[in-house]
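>>> Turn this into a structure:
(one chain, ligands or ions: 2)
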Amino acid sequence: MRTALRMSNVYAPTLREDPAEAEVPSHRLLLRAGMIRKVAAGIYAFLPLAWRSIAKIERIVREEMDAIGCQELLLPVVQPAELWHESGRWDLYGPELARLKDRAGRDFCLGPTHEEVITALVRDEVRSYRQLPMSLYQINVKFRDEIRPRFGLLRGREFIMKDAYSFHATQESLQEHYDAQSRAYGRICDRLGLVWRAVEAESGQIGGKVTTEFMALAETGEAELVHCACGFAANVEAAEALLEGRPRCTEPEELRKVHTPGLRTIADIAQTFGLDERDTVKTMAGSTEDGRLVFFCIPGDRELNPVKAARAVPGVRLLDEEGFEQHRIPKGSLGPVSPPEGAIVVADRSLRHERSWVVGANEEDYHFFGADPERDFTVDVWADLVAARPGDLCPRCGAVLEGARGIEVSQVFQLGTRYSEKMNATFTDEDGQERPFIMGCYGVGITRSLAAVIEQHHDDAGICWPVSVAPAEAIVLPLSSDDEVVQTAERIFETLADAGIEAVLDDRDERAGVKFADADLIGWPYQVVVGRKGLAEGVVEVKHRATGDRESVPVDEAVARVRTLVESQRS
Ligand code: ATP
Ligand code: MG
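Ligands and ions are numbered 1, 2, ... in the order given. Next up is the predicted model:
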């Protein structure tokens with residue numbers, strides 16, 4: 001399709017000032033470049049230039065999905081509660097699920113994801129292993145009533161997602177398609193111009209065990225990652241923590257009970273006794289669903305990872321003030337030596353590396369010193385409880401892990417039979433047996449990806465779009481209303497468009513400074529600057545927005561030059 005946009009006719013209300021509400025570059029620049037406007041918290045209108053970029057992202061995603069045999073369809077946004085009752089998620093999903101009633105009082109929700117709808121669709125039609133595997137996708141609006149919508153498109157409440165779902169007769173078939181989806185996701189990230197990592201992750205609300213997140217690296221990302229030169233990378237929520245071996249005391253010490261009046265925190269104890277915080281054990285108390293006390297014991301200088309805690313004791317909740325009173329335990333002096341009767345003690349396995357620890361004595365104002373895990377601790381479960389962090393060791397190769405922040409742009413999951421069993425979605429296998437479908441699901445945040453691209457591609461003046469995502473590829477800037485300037489600019493613009501370049505002409509009656517500022521702000525990859533001075537010498541200037549490189553090009557060669565540059569960057 002020929003693209004020839006005239007700025008006089010483009011609805012892109014640019015802003016000179018930074019909008020106060022925008023905390024991250026993508027949010028600020030999408031607003032300033034006149035690409036999005038807020039309609040309500042986390043709900044945006046996409047203006048024409050943003051919509052052009054979104055269409056390009058969608059095209060890349062479609063190409064990659066079609067290439068692996070995934071078929072496009074469209075599912076409804078409004079979904080009946082019955083399906084969510086079947087999967088059990090009506091009660092599990094919580095307030096992120098926007099619920100509504102129709103005029104007859106029947107319950108519905110706005111789809112935050114579509115496992116239920118697709119499983120119901122397939123269960124009613126696909127009966128035999130001969131029809132498998134099958135993989136379906138849609139590109140659609142999702143609604144999640146996020147507790148803290150922020151950062152513009154990075155965490156919205158209404159956003160666009162590509163979601164795919166696959167159905168298999170065997171685990172091998174699922175694995176094969178999961179790998180194909182993962183490779184497609186890597187190619188999508190590459191084609192969007194993202195610097196990214198595939199990381200081991202947690203599956204959250206979606207369920208399932210095997211899952212990978214694709215993270216665009218960015219300082220502004222909400223996710224914390226650890227990664228290693230060997231290729232290992234993980235979300236700290238999920239990363240196995242291998243704490244550095246830190247031999248301190250090889251000789252067993254005697255267990256001593258020490259009076260520690262008023263010392264309630266790890267920092268208090270460490271400071272008063274001249275210890276390192278890592279010489280102490282931090283014990284956090286929780287309770288199970290049926291009210292049993294749980295102790296989580298970790299090294300004093302580390303944080304408990306709530307996901308790992310919940311994995312060790314499903315349904316556990318950490319105690320609030322009331323809880324401490326109820327269980328009558330001294331908040332500042334808890335520990336794994338002589339724990340209260342009936343308490344479940346879960347201790348981080350790294351505590352076993354050392355012999356001598358300072359731990360709470362489960363008695364107000366007392367601690368034990370010299371506590372030996374094997375000799376003195378009462379532990380029910382040794383587990384990995386600590387949130388991994390940079391400086392820990394790589395669980396694959398033992399090298400020191402580095403840290404980074406990332407934006408989760410996409411995620412793939414092996415769901416197994418999590419939905420098909422609950423929803424009774426079965427097929428007949430080769431032996432005539434009824435079996436539940438083995439499923440996978442695969443999501444790309446389309447609008448989040450748009451923002452992630454900007455997080456990685458911008459400078460002080462504005463956005464620096466990669467060609468693959470730019471609203472258009474090149475803009476022609478006539479710097480004056482001089483006839484020759486205007487006519488040359490028109491000719492280059494039309495010829496560019498004829499040559500298949502997505503072309504823009506800044507035909508507005510604006511000063512050169514305004515045109516430059518808007519072109520840099522909106523971030524068209526290439527600018528063709530047509531001025532009187534240049535034309536006197538028979539040249540125009542071609543500027544590459546991202547690098548700032550400028551070249552003087554004879555007027556007649558301008559189109560060919562831009563075409564070569566653009567085509568070398570398309571993906
Ligand atoms: P997060 O952990 O960031 O809340 P998620 O893991 O819940 O995201 P998924 O269920 O994996 O999200 O959804 C697939 C993709 O949809 C995500 O990788 C992300 O790109 C996108 N996405 C999810 N939530 C949002 C949101 N609130 N705003 C924009 N995009 C989102
Ligand atoms: Mg996710």
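
>>> Now do Gly231 against ligand 1, distance only.
21 Å (C-beta to the nearest ligand atom, to the nearest Å). Every residue, glycine included, has its C-beta placed from N, CA and C.

>>> That residue is in what secondary structure piece?
Under DSSP states H and E, no helix or strand contains Gly231.

>>> Can you tell me the centre-most residue of this protein?
Note on the chain: the residue nearest the mean C-alpha position is Glu408, at 1.6 Å, using C-alpha atoms, centre = their mean.

>>> Spell out the secondary structure type for that residue.
strand (DSSP: H, G, I helix; E, B strand; the rest coil).

>>> how near is it to Ala388?
Between Glu408 and Ala388 the distance is 17 Å, computed by C-beta to C-beta, to the nearest Å.

>>> ok so, going back, contacting residues around the residue nearest to the centre of the chain?
201, 213-215, 221-223, 445, 448 (C-beta atoms under 8 Å, 6 or more residues apart in numbering).

>>> and those residues, which are buried?
Neighbour counting by 16 or more other C-beta atoms under 10 Å classes 201, 213-215, 221, 223, 445, 448 among these as buried.

>>> Now pLDDT, distance to Asn424 and secondary structure too, for those, in JSON lines please.
Output for those, formatted as JSON lines (pLDDT from 0 to 100; distance: C-beta to C-beta, whole Å; DSSP: H, G, I helix; E, B strand; the rest coil):
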{"residue": "Ala201", "pLDDT": "88", "distance to Asn424": "29", "secondary structure": "coil"}
{"residue": "Glu213", "pLDDT": "96", "distance to Asn424": "30", "secondary structure": "strand"}
{"residue": "Phe214", "pLDDT": "98", "distance to Asn424": "32", "secondary structure": "strand"}
{"residue": "Met215", "pLDDT": "98", "distance to Asn424": "36", "secondary structure": "strand"}
{"residue": "Gly221", "pLDDT": "97", "distance to Asn424": "40", "secondary structure": "coil"}
{"residue": "Ala223", "pLDDT": "95", "distance to Asn424": "36", "secondary structure": "strand"}
{"residue": "Gly445", "pLDDT": "98", "distance to Asn424": "31", "secondary structure": "strand"}
{"residue": "Arg448", "pLDDT": "98", "distance to Asn424": "34", "secondary structure": "helix"}
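
>>> need those in a markdown table with distance to ligand 1, can you?
A markdown table is the format used below for the buried ones among the contacts of Glu408 (distance: C-beta to the nearest ligand atom, whole Å):
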| residue | distance to ligand 1 |
| --- | --- |
| Ala201 | 8 |
| Glu213 | 7 |
| Phe214 | 7 |
| Met215 | 9 |
| Gly221 | 10 |
| Ala223 | 7 |
| Gly445 | 2 |
| Arg448 | 4 |
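
>>> so can I have CSV of those residues showing distance to Arg52?
Compiled in CSV, those are given as follows (distance: C-beta to C-beta, whole Å):
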residue, distance to Arg52
Ala201, 32
Glu213, 28
Phe214, 24
Met215, 26
Gly221, 25
Ala223, 28
Gly445, 18
Arg448, 18
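
>>> Show me which residues of this protein sit near ligand 1.
113, 144, 146, 155-156, 159, 161, 204, 206, 408-411, 443, 445, 447-448 (C-beta under 6 Å from any ligand atom).

>>> Give me the pLDDT value at the closest residue to Leu132 other than its chain neighbours.
Closest residue to Leu132 apart from its sequence neighbours, by C-beta to C-beta, 6 or more residues apart in numbering: Ala169 at 4.6 Å. If you check Ala169, the pLDDT there is 98.

>>> Then the one 10 residues further on?
As predicted, Asp179 sits at a pLDDT of 98.

>>> cool, Gly291 as well?
Note on Gly291: pLDDT of 92.

>>> same deal with Gly245?
Per-residue pLDDT puts Gly245 at 59.

>>> Over to Pro80?
Reading off the model, Pro80 has pLDDT 98.

>>> what pairs with it across the strands?
With DSSP bridges applied, Pro80 shows beta-bridge pairing to Phe108.

>>> Could you report the separation of it from Arg144?
Taking C-beta to C-beta as the measure, Pro80 and Arg144 are separated by 18 Å.

>>> And for Met134?
Met134 is 27 Å from Arg144, where distance means C-beta to C-beta.

>>> Surely Glu116 is in contact with Tyr419?
Yes. Between Glu116 and Tyr419 there is a contact at 7.1 Å, judged by C-beta atoms under 8 Å.

>>> With neighbour numbers in mind, choose between Pro80 and Arg144.
Arg144 (23 against 16; other C-beta atoms under 10 Å).

>>> shouldn't that one be in contact with Pro112?
Yes. Arg144 lies in contact with Pro112 (C-beta under 8 Å); the separation is 4.4 Å.

>>> Check the contact lists of these two and give me the overlap.
Contacts common to Arg144 and Pro112, judged by C-beta under 8 Å, 6+ apart, are 96-98.

>>> Please pick the buried ones from these.
Applying 16+ other C-beta under 10 Å to the shared contacts of Arg144 and Pro112 flags Leu97 as buried.

>>> Let me know the closest of the shared contacts of Arg144 and Pro112 to Val337.
Glu96 (41.2 Å; C-beta to C-beta).

>>> For the residue nearest to Leu132, list the residues it contacts.
129, 132-133, 427, 429, 435, 437-438 are the contacts of Ala169 under C-beta under 8 Å, 6+ apart.

>>> any weak-confidence spans in this protein?
Scanning the chain with the threshold set as pLDDT under 70 gives 203-208, 245-250.

>>> Give me the domain ranges for it.
50-77+111-240+403-455, 256-383, 472-569 (automatic domain parsing).

>>> can you put those domains in JSON lines and add distance to Ala40?
Listed next are the domains of the chain as JSON lines, based on distance: least, C-beta to C-beta, whole Å:
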{"stretch": "domain 50-77+111-240+403-455", "distance to Ala40": "8"}
{"stretch": "domain 256-383", "distance to Ala40": "30"}
{"stretch": "domain 472-569", "distance to Ala40": "25"}
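
>>> Kindly confirm my reading that Ala180 is in a helix.
Yes. Judged by three-state DSSP, Ala180 forms part of a helix.

>>> Help me confirm that it comes into contact with Met65.
No. Contact between Ala180 and Met65 fails when scored by C-beta under 8 Å: they sit 10.2 Å apart.

>>> neighbour-wise, which of the two wins?
Counted by other C-beta under 10 Å, Ala180 and Met65 do not tie: Met65 has more neighbours, with 24 against 18.

>>> which ones are touching the more buried one?
72, 137, 162, 164, 184.

>>> From those, list the buried ones, please.
For the contacts of Met65, a neighbour count by 16+ other C-beta under 10 Å gives the buried set as 137, 162, 164, 184.

>>> ok, these vs ligand 1, which is closest?
Among the buried ones among the contacts of Met65, Lys162 lies closest to ligand 1 (C-beta to the nearest ligand atom), at 8.6 Å.

>>> which residues does the residue of the stretch 51-200 of the chain found nearest ligand 1 bridge with?
As assessed by C-beta to the nearest ligand atom, ligand 1 sits closest to Phe159 within the stretch 51-200 of the chain, at 3.7 Å. Phe159 has these beta-bridge partners by DSSP bridges: Lys142.

>>> any idea how far the residue of the chain most remote from its centre is from Leu255?
In the chain, the greatest distance from the average C-alpha position (C-alpha atoms, centre = their mean) is reached by Ala536, at 51.9 Å. For Ala536, the distance to Leu255 (C-beta to C-beta) stands at 91 Å.

>>> What segments of the stretch 1-150 of the chain are helices?
Secondary structure of the stretch 1-150 of the chain (DSSP state H, counting those that start in this stretch): helices at 25-32, 48-67, 81-87, 89-92, 115-123.

>>> Quick one: closest of those to Gly398.
helix 48-67 (35.4 Å).
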